[in-house]
Every structure is written in structure tokens, then in C-alpha cells.
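Asker: Fold the following and give me the result.
(chains A and B, ligands or ions: 3)
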Amino acid sequence: MADLRCTIAGVKSPNPFWLASAPPTDKAYNVVRAFRAGWGGVVWKTLGEDPPIVNVSSRYGAVHFRGHRMAGFNNIELITDRTLEVNLREITQVKRDWPDRAMVVSLMVPCEEASWQAILARVEATGADGVELNFGCPHGMSERGMGSAVGQVPEYIEMVTRWCKQHTRMPVFVKLTPNVTNILAPARAAVAGGADAVSLINTINSITAVDLDRMAPEPVVNGKGAHGGYCGPAVKPIALCMVAEIARDPDCAGVPISGIGGIETWRDAAEFMALGAGSVQVCTAAMHYGFKIVEDMNDGLANWMDDKGYATLDGFRGAAVGNYTDWGKLDMNYDIKARISDELCIGCGLCHIACEDTSHQAIRFTQDAGKRRFTVIDADCVGCNLCMHVCPVEGCITMEEVSEGRPYLTWAAHPKNPQNLKAAE
Amino acid sequence: MGEGADIRGGRLPAAAYDENFADLQPPLARQEAVVEAARCYFCYDAPCVQACPTGIDIPSFIRKIQTGNLKGSALDILEANIMGGTCARVCPTEVLCEEACVRTVQEGKPVRIGRLQRYATDALFATGIQPFSRAASTGRRIAVVGAGPAGLACAHALARRGHDVVVFERRAKAGGLNEHGIAAYKMANDFAAREVAFILGIGGIELHLGQALGRELTLDALRRDHDAVFLGVGLGTTNRLGLAGEELEGVLDAVDFIEELRQSPDKATLPVGRHIVVIGGGNTAIDIAVQTKRLGAETVTLVYRRGAGEMGATGHEQEIAQLNGVLIRHWARPVTLEAAGGRVAGVTFEHTRLDAGGRLEGTGERFTLAADQVFKAIGQKLLADELAGSGLAIEAGKLRVDDELRTSLDGVWAGGDAVAGQDLTVAAVEDGKRAARSIDRALGN
Ligand SMILES: Cc1cc2nc3c(=O)[nH]c(=O)nc-3n(C[C@H](O)[C@H](O)[C@H](O)COP(=O)(O)OP(=O)(O)OC[C@H]3O[C@@H](n4cnc5c(N)ncnc54)[C@H](O)[C@@H]3O)c2cc1C
Ligand SMILES: Cc1cc2nc3c(=O)[nH]c(=O)nc-3n(C[C@H](O)[C@H](O)[C@H](O)COP(=O)(O)O)c2cc1C
Ligand code: SF4
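Answerer: Ligands and ions are numbered 1, 2, ... in the order given. Presented below is the predicted three-dimensional model:
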């Protein structure tokens, strides 16, 4: 059986599945239930200075996609609404009772060295394994000069990270906001400031929907709405890309990454780890289904690792990073054509109309003896694989390689590249 | 076969009747409808559309359910089929649109098109909106005989085009078999009457009840007084067994009994036998069997002379019968109606099989089923007497029409059960719609 033990920035946990800093990690009651269910660690719901903040209601919006609930989720909650004293007392107790689980404490205080110094000392006293600096929260806190207001200014990230490294012996995770044009700027700043790891992504600025009766963005708070933070399955592709950017960046120098964003299953987690994440964090999926989902995450990952022959997480961690490249380095000679299985085809015609109306008119529609047939015209098929994506039957449309052994050819060397045309003149 | 038949009403506790004659399939809730609608692949040139006799744009109306555009959805349906509400309840979708659904091919589970169609049309009817209006008056006057699906669909389409329509209906109520024939639990909550009101709501349609062609009216007079005539008279009579004793008390016509059942407001008052035998294999046989069972009959045995595969009733209908505790016996035909005390007491059947040439033959073995009531459900046919002397050509027992539904008489169109084709509500509606188009063209519009 594969060994799921995880170490990231010196923080150990029995498996790589942590709960992200959010309502599931808001208090001892939840965290103890999570540990009982099998979660490897938690990032405690973000602590701030007293007096605690006050939340509004409602707090959540959601994107329900064609009958599937919560394909995307959004919130306008702030950091913990309980006193520092109560939180620290509970953290101490839980860490004492569950010594093998990772206990990282998320923090957000004003951008002053004294504030950070003071809170770090108190957290250190709880026995926690690390801290996570919340530079990501996109709403409410940023208006007070915290959260993403800091996370969007690389100089602030570097400065606060450096303060924290000076004032604590605990590993420092810096949680990044995706609400920037290039994730490398804040990531590099965190590394420059001495961060032991980065966590990403936090939530994305969003309005999930507009209530067309009340003419207000959702979630609606007494007739008005504010932008909130988007998360859940819909954000995974964005999060994966940001994680991969950092993982392959020489300037980020292999900084450990705690991957977050839309993770629901062991497979999602494996993808994040293949792109360089050392551990993963989950919020929305736990809020949707409860803590029990970790059971499948644990044994699903282990079974997959066994199948593939990976004994430990290091066996595949970062394994896909080397294959994440730029468009300019792709092989222009690689060629694939769509193949439609007559046997599996149910005759819906979606491949035909997609290619006909919006692509390359490469799927012919004929009817013989009442049987609807769809045939690919190889000469016109460009191998975009739109048809494969629209086909509702798994395995019915596949893409066959027809490159015929031509050599790897990048755009730089391609004869149609204007640079080369000029050179040829 | 005991003395004295046991036939009475009130076999069940009062509350059971409401339950037994409520919607066979309850309407979908919003969430269910949205999830079901999401199963539709939005096929290109969709096979389901081709399988619907009225050609409803099914993927389109389903997509509109998904987006919450329920009015648009209902109009997609009603534009193609003004009785989309009834059809949603009564169409044998398992041999129409849902059979063609690519999900049937893929996984044996079609998108439940009929139920979604009901969801969309119910939503429109609940608003009370009348979405149709009439074109400017053409001054033309058209007679429609019969206020069933064919006649009403024709009348509505003509009224929309600005013609004035006069509908003559023999019965005291409009709706045809929607109101008098289809099983009660398919048309719960007086749906037939509500739909008729919706159809007439467009205006321009005068309805004359209690007026029958061949009784108060002659075809000559109708043709003389109108610019065109449409005959949607359905099938006025039923086939006979051709056995001695067919007139015995207790030997009943299924269609007549269902009509009585549909028209009785309190089902508990309807006398029904304790032991029932039904003869036939079509949907009417299934309907009478299930409805007598639901009225409280203790045993209902349906006997059909061929196998399950040859039954006119679809597999789904047969299943409904079995779920309701109806015993279906195949390969037997009635040979004697047994009498006792001047009324029917049972039926003797002979087992059947196919001979070497594929023809049905008796095996000589017999069995007798005791019965308080025997229902004949062996098919309906055109009531030719009413049309006698009108000069209308009749072919294979139906009014002869061409591909535009024109009869052999100039200016007279016909459709629905009275002409060749599938005897289904949806087919009757399509005939009415197509005849209206042809009439409109003939009148030079
Ligand atoms: C018991 C039973 C159950 C059925 N169940 C289903 C089902 O579940 N699904 C389905 O799709 N189909 C079903 N059908 C078939 C369906 O009801 C018919 O195909 C459909 O009603 C035909 O429509 P129509 O307008 O041609 O005739 P009808 O519905 O029969 O309407 C004809 C109308 O014309 C009137 N009329 C007749 N003669 C005259 C005259 N001389 N003068 C004036 N008016 C006249 C009649 O009173 C009647 O109102 C069923 C039929 C029966 C008998
Ligand atoms: C209701 C809610 C509250 C959150 N509160 C915090 C918080 O206090 N601190 C923080 O760093 N992130 C917070 N987050 C962000 C999550 O930790 C996580 O980064 C984000 O939800 C993406 O992961 P997911 O797609 O698994 O939900 C919150 C998210 C939600 C849904
Ligand atoms: S791969 Fe693209 S171009 Fe080729 S048949 Fe499919 S949709 Fe058309």
C-alpha cells in the first residue's frame, strides 16, 4: 500500500489532504470531527486582532450548473468572528490531542510589524506547526488594508513575510490571491521575503449571479450585494495553471506549494501534485458533502499510486511540470484526426453540427436505411478535437495520431513563420 | 358459476376512488424537470422530432425548460400541437419520441419527453395566458364536424388564420375521446375540458353541441352553407364478437363503459362486477381492465387471442395492467358466452396457436372463466350509417383521403380516427392541423 505521509516546508501530516482556512476549520468542534474523519491537517480559520469582525447574512452565492449544485461557490464572509483568546485556547487543545496532524494557523493583521510580531508569539505558544499569511481574502478585509490589498502589492508581501520570518521559528506559508495579472510577481516576492511555502489559490473576485427580480448581485444582503470570493470545482483550471506557473519558475526556486482550488477528489489532488503541489487544501467540497469525502481521497490516491507503482508522494510530485511548456515549444508536426465509432455512435449529431457550424466542416452526415451515420473527412479535419468533447458517449470519438514519423518542429523553425519566410527571401 | 351476479358500486372505501383516479403519473417538480431537461443532448436534426407525428421541436422546448423560459417552451409545443397538454399525458411515447431518443440507444433510458412536455404546458396553463391570436378576418366560414382532437385542432388552426369556424358536435360536451374515452387517470382534474376552453379561447370558433351529421345535419347543407367542411367524426361504433349471447345482460362494450366512467363525477356510484373478463389486446382493453380493477373489481382477466408481442397495447401499457393486478392471458379466443339466470355468467375460451402457414387456429382445448361482467374491447369502426348517401368514398373501413386529407367530395376534408393512419390523439391533431393548411390554401390564402 502506498505511503501517503506528507512533509511540506517541514510540516508533517499522515496524508496530503488538509482543510483550507475557512468555515470547516473555524473551531475545535469542526476540526476534531475532521481529524476523526481522516483529514491529514488543517489551516485554522484566519485569526485577526480583537475585537473580532462581524459578518452579514446571507453570505454565500453559488453557480448551480444544469441541475448540478455548486459547480461554483462564492462567499462574502470575513475572517474568524470569534476572539483570539478562544481560538488560541482551542488550537492548543486540539494540537495536544492530535499531535500527528498538521496544524497551521492562518493569520491576517494590519500591515504593521508590531501587530505581526505580537500575534506570532501567541500562536507559537499553542504548539502549532506553522502559520499561513492570508494575503488573499478579496472582500471586506482588503478594504481595511489587509488580505488581497496586501497580496496585490509584491513589495508588501515581501516585507510582511520578512517580518514574520524574523519573529517566529515556525514555517511560514504565504497564501496568494489569484486576483492579479501574473501570479509570479507575488510568488517571487514571497520567496524573496523568505517564505517556506506558498498556498494558492485563495478565492477569485466574483459575482455569481444577478437576482433579476431584486436587481441585485447575489448573495443579496437586504437589496444589495458585494463581490465575493469564487471557489469550488469551477476554479480548478485557474488554480492548476497558477500552481504550474510557480512550479516551473526558476526564480521561485522550487518553493513548496500547498495547492488549493476546486479540489473534490483524489484525482484532482493528484493533478495538483503532478504539477508541483506538495500538499493540497480543500474547502468547498467539504462544505458541500461533509468531511467523509476524505475517505475516498485517501484510499483512491493510494490505490492509484499502487497501480502506477509510486511508493510515496515524491514518486509523482512535480512529474508533469517538465511537460508544462509554452505554445512556441509545441510540435507543429504532430497530427491527429477524429475517429468515430459506428458501433458506439448513438446518432445525436452533435459532432456534425459542431464541426459544421463552428469548425472545419469535416464531419459528413448521411442516412442510410434509417441509420444516421457520421464520417470524418480526413482532408478537412484539423484535429482540434471539438467533436470528441461534444460527443456524449465516452470513447465514441477518439483521436488517432497520423503524424507519420515527421520530426519535432516548433513554430520558430516552421516554414510558414514570417521570420523564416523573410530569411528565405 | 354461482347464481346471481355480484355487481355494485362502492366496493372500496370512499377515499380510495380519489387516489385510484388521480394522475397516473404526477407532474414533475421544478427541480426534477430541470435535472431531466439537462439529460437532453440537444441533438442535431433530432430523431425524436422526426418520431413525433406533430413534429414538435423537442430539443428546443426542453432547452427552454432548462433556461427557465417556460412560456417559450410551451409555445414551441403548442405551435406544433395545440393539444400538447393532452399528448403529454396520453401519447404512447415509448413507441414515439422516447423510442427515438438517442439516450434509449445509449442506455435504454430516454429523456422523459412526455413528462417534460407536461411540465412546460402545465406552467403556461397555470398562468392563464392566451398566447394565440387571430389573423385579420378572411370572411370565410368553415364547418367542422366533431369536436374531438382532429376537429378542434383543425378549428384552432383555421381560426388563427382568420377564418370563422362553426363546430358541430353530436355529444353534449366537446373534446371527443379526450373527454369520453381516454383513461380517467391520464386526464385527471378535468384536463380535457380545461384544454377545450383554452383552444376555444382564441375566439372565432362557434361550438354547437348536440348537433349530429346524419341526424340534425346533412353534408349537402353543410357544403352549401360553408366555404369548406372538415369531418373529424372519429369512430362511432365498435366491432362485435359475433357470438351467440352477445346481447345478454352483463356483456358490455368497453368504450361505452369508459365513457360512462369518465362522465360520472363520483366513481363510487359506478356499479362494477366482482369478477371481470376483458376480451381484446389493444389500449382500450388495457384501459377497461385497469379501470375496472381500480373501481374495486376483485379479479380482472384480460384474454387476447395472440401473444404479447402482437398486442396493440404497448409494452408499457401491458406493464401498467400487470402492476394493477390485471391477469393477462395470451393465445385464447372466446367461443361461448355462458349464461345463467338470463344474464352472462362467464366465457369459454379455446386455446390458439399459429398453424404452419402462420394463421391463427384453435387447439381444441378449452377453459371457462366465470364473470359478472364481460367487456368487449376488440376495436372501433367508422359509423357508416351517418355517412350513408353522402357520396363519400370509403376504403378499408375508413374515409378515403388524399395526402392533403381531401375526401372524394369537393370542399370536404377529413382526418383523425375516421381516416387511415394510427388511431392516436397526436395523429388526429396532426391531421386537423394539416387539413387546415390545405383548406387555407384551397380558399386562396
Ligand atoms: C378507450 C380509448 C382509449 C384511448 N387511449 C388513448 C391514449 O391513451 N393515447 C392516445 O394517443 N390515443 C388514445 N385513444 C385514441 C384516441 O382517443 C383517438 O385516436 C382520438 O381521440 C381520435 O380523435 P378524433 O378527433 O379523430 O376522434 P374522436 O376523439 O372520437 O372525436 C370525434 C368527435 O366527433 C363527434 N362525432 C362523431 N360523429 C359525429 C356526427 N355524426 N356529428 C357530429 N359529431 C360527431 C364525437 O362525438 C366526438 O366528439 C384511445 C381511444 C379509446 C377508444
Ligand atoms: C466561506 C469561505 C470562507 C473562507 N474564509 C477564508 C479565510 O478566512 N481565510 C483564507 O485564507 N481563506 C478563506 N477561504 C478560501 C479557502 O480557504 C480556499 O482558498 C478557497 O475556497 C479555494 O478552495 P476550494 O475551491 O476548495 O473551496 C474561504 C472560503 C470560503 C468558501
Ligand atoms: S477534430 Fe475538429 S476539425 Fe476534426 S472532425 Fe472533430 S471537430 Fe472537425
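Asker: now stretch A:385-401: mean pLDDT?
Answerer: Per-residue pLDDT values across stretch A:385-401 average out to 96.
Asker: Do me a favour and get the end-to-end distance for it?
Answerer: 12 Å (C-alpha to C-alpha, to the nearest Å).
Asker: which residues touch stretch B:125-142?
Answerer: In this structure, residues lying in contact with stretch B:125-142 by C-beta atoms under 8 Å, 6 or more residues apart in numbering or on different chains are B:71, B:74-75, B:78, B:85, B:124, B:156, B:158-166, B:194, B:198, B:201-204, B:225-230, B:439, B:443, B:445. Quick note: C-beta positions are derived from backbone N, CA and C, even for glycine.
Asker: Generate a ChimeraX selection restricted to the buried subset of these.
Answerer: In ChimeraX, the members of the contacts of stretch B:125-142 classed as buried (16 or more other C-beta atoms under 10 Å in any protein chain shown) are selected with the following command:
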select /B:74,75,78,85,124,156,158,159,160,161,162,163,164,165,166,198,202,204,226,227,228,229,230,439,443
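Asker: Could you tell me which of the contacts of stretch B:125-142 belong to strands?
Answerer: Cross-referencing these with the strands (criterion: DSSP state E) gives B:164-166, B:228-230 as the overlap.
Asker: Dump those to JSON lines, plus distance to residue B:116 and pLDDT.
Answerer: Formatted as JSON lines, the ones in strands among the contacts of stretch B:125-142 follow (distance: C-beta to C-beta, whole Å; pLDDT from 0 to 100):
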{"residue": "B:164", "distance to residue B:116": "36", "pLDDT": "98"}
{"residue": "B:165", "distance to residue B:116": "31", "pLDDT": "98"}
{"residue": "B:166", "distance to residue B:116": "36", "pLDDT": "98"}
{"residue": "B:228", "distance to residue B:116": "36", "pLDDT": "98"}
{"residue": "B:229", "distance to residue B:116": "37", "pLDDT": "98"}
{"residue": "B:230", "distance to residue B:116": "31", "pLDDT": "98"}
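Asker: Nearest to residue A:59 among those residues?
Answerer: Comparing the ones in strands among the contacts of stretch B:125-142 against residue A:59 with C-beta to C-beta places residue B:165 closest, at 59.2 Å.
Asker: So in terms of bridging, what pairs with the closest one?
Answerer: The partner list for residue B:165 in beta bridges (DSSP bridges) reads residue B:142, residue B:205.
Asker: list the contacts for it?
Answerer: Listed by C-beta under 8 Å, 6+ apart, the contact partners of residue B:165 are B:141-144, B:155, B:158-159, B:204-206.
Asker: quick one: residue A:339 is in a strand?
Answerer: Yes - the secondary structure assignment for residue A:339 places it in a strand, going by DSSP: H, G, I helix; E, B strand; the rest coil.
Asker: residues near it, how many?
Answerer: Burial of residue A:339, expressed as a neighbour count using other C-beta atoms under 10 Å in any protein chain shown, amounts to 15.
Asker: Touching, it and residue A:399? I think so.
Answerer: Yes - with contact taken as C-beta atoms under 8 Å, residue A:339 and residue A:399 are classed as touching, separated by 7.1 Å.
Asker: picking that back up, would you mind checking the contacts of residue B:165 for buried ones?
Answerer: Members of those that pass the buried threshold by neighbour count (16+ other C-beta under 10 Å) are listed as B:142-144, B:155, B:158-159, B:204-205.
Asker: Tell me which ones among the residues you listed also neighbour ligand 2, please.
Answerer: If you filter the buried ones among the contacts of residue B:165 for contact with ligand 2, counting by C-beta under 6 Å from any ligand atom, you are left with nothing.
Asker: Tabulate those in CSV, adding columns for pLDDT and distance to ligand 1.
Answerer: Putting the buried ones among the contacts of residue B:165 into CSV (pLDDT from 0 to 100; distance: C-beta to the nearest ligand atom, whole Å) gives the following:
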residue, pLDDT, distance to ligand 1
B:142, 98, 15
B:143, 98, 10
B:144, 98, 9
B:155, 98, 11
B:158, 98, 15
B:159, 98, 17
B:204, 97, 20
B:205, 98, 15
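Asker: Dump the residues you listed to JSON lines, plus distance to residue B:415.
Answerer: As requested, these are exported to JSON lines (distance: C-beta to C-beta, whole Å):
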{"residue": "B:142", "distance to residue B:415": "13"}
{"residue": "B:143", "distance to residue B:415": "14"}
{"residue": "B:144", "distance to residue B:415": "10"}
{"residue": "B:155", "distance to residue B:415": "12"}
{"residue": "B:158", "distance to residue B:415": "13"}
{"residue": "B:159", "distance to residue B:415": "16"}
{"residue": "B:204", "distance to residue B:415": "20"}
{"residue": "B:205", "distance to residue B:415": "17"}
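Asker: closest to residue B:429 among those?
Answerer: The shortest gap between residue B:429 and any of these belongs to residue B:155, at 11.5 Å (C-beta to C-beta).
Asker: so what's that closest one up against?
Answerer: By C-beta under 8 Å, 6+ apart, the contact list for residue B:155 reads B:144, B:147, B:165, B:167, B:199, B:205, B:230, B:432.
Asker: just residue A:392 next, same as before
Answerer: For residue A:392, the contacting residues are A:346, A:348, A:350, B:41, B:102, B:106, taking C-beta under 8 Å, 6+ apart as the criterion.
Asker: Now with 7 Å, please.
Answerer: Taking C-beta atoms under 7 Å, 6 or more residues apart in numbering or on different chains as the contact definition, residue A:392 lies against A:348, A:350, B:41.
Asker: in the chain, which segments are predicted with low confidence?
Answerer: Going with chain A. Along chain A, the model assigns pLDDT under 70 to residues A:137-141, A:423-425.
Asker: Please refer instead to chain B.
Answerer: When the per-residue scores of chain B are filtered using pLDDT under 70, the ranges that remain are B:1-3.
Asker: Run through the residues of it sitting next to ligand 3.
Answerer: Of all the residues in chain B, none lies near ligand 3, going by C-beta under 6 Å from any ligand atom.
Asker: can I get the contacts of residue A:392 in JSON lines with neighbour count?
Answerer: Compiled in JSON lines, the contacts of residue A:392 are given as follows (neighbours: other C-beta atoms under 10 Å in any protein chain shown):
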{"residue": "A:348", "neighbour count": "29"}
{"residue": "A:350", "neighbour count": "24"}
{"residue": "B:41", "neighbour count": "22"}
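Asker: Closest one to residue A:246 out of those, please.
Answerer: Of all these, the one sitting nearest residue A:246 is residue A:350; the distance, using C-beta to C-beta, is 37.6 Å.
Asker: who touches the closest one in this structure?
Answerer: Taking C-beta under 7 Å, 6+ apart as the definition of contact, the neighbours of residue A:350 are A:390-392, B:41, B:43-44.
Asker: Just give me the closest of those to residue A:297.
Answerer: Closest to residue A:297 out of these is residue A:392 (28.1 Å), distances taken as C-beta to C-beta.
Asker: Pretty sure that closest one sits in a helix.
Answerer: No - the secondary structure assignment for residue A:392 gives coil rather than a helix, going by three-state DSSP.
Asker: got TSV for the ones in strands among the contacts of stretch B:125-142, with distance to residue A:324 too?
Answerer: Listed next are the ones in strands among the contacts of stretch B:125-142 as TSV, based on distance: C-beta to C-beta, whole Å:
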residue	distance to residue A:324
B:164	74
B:165	71
B:166	76
B:228	73
B:229	76
B:230	71
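Asker: and which of the residues you listed is nearest ligand 3?
Answerer: Out of those, the one with the shortest distance to ligand 3 is residue B:230. That distance is 48.8 Å, counting by C-beta to the nearest ligand atom.
Asker: what about that closest one, distance to residue B:436?
Answerer: In this structure, residue B:230 and residue B:436 are separated by 8 Å, where distance is defined by C-beta to C-beta, to the nearest Å.
Asker: List the buried residues of stretch A:76-84.
Answerer: Residues A:76-80, A:82, A:84 are the ones in stretch A:76-84 that count as buried (16+ other C-beta under 10 Å).
Asker: do it and ligand 2 meet?
Answerer: Yes - judged by C-beta under 6 Å from any ligand atom, stretch A:76-84 comes into contact with ligand 2 through A:77, A:79.
Asker: what's next to that stretch, contact-wise?
Answerer: The set of residues external to stretch A:76-84 that reach it, using C-beta under 7 Å, 6+ apart, is A:26-27, A:45-48, A:50, A:52-56, A:59, A:87, A:108, A:137, A:139-141, A:219, A:226, A:228.
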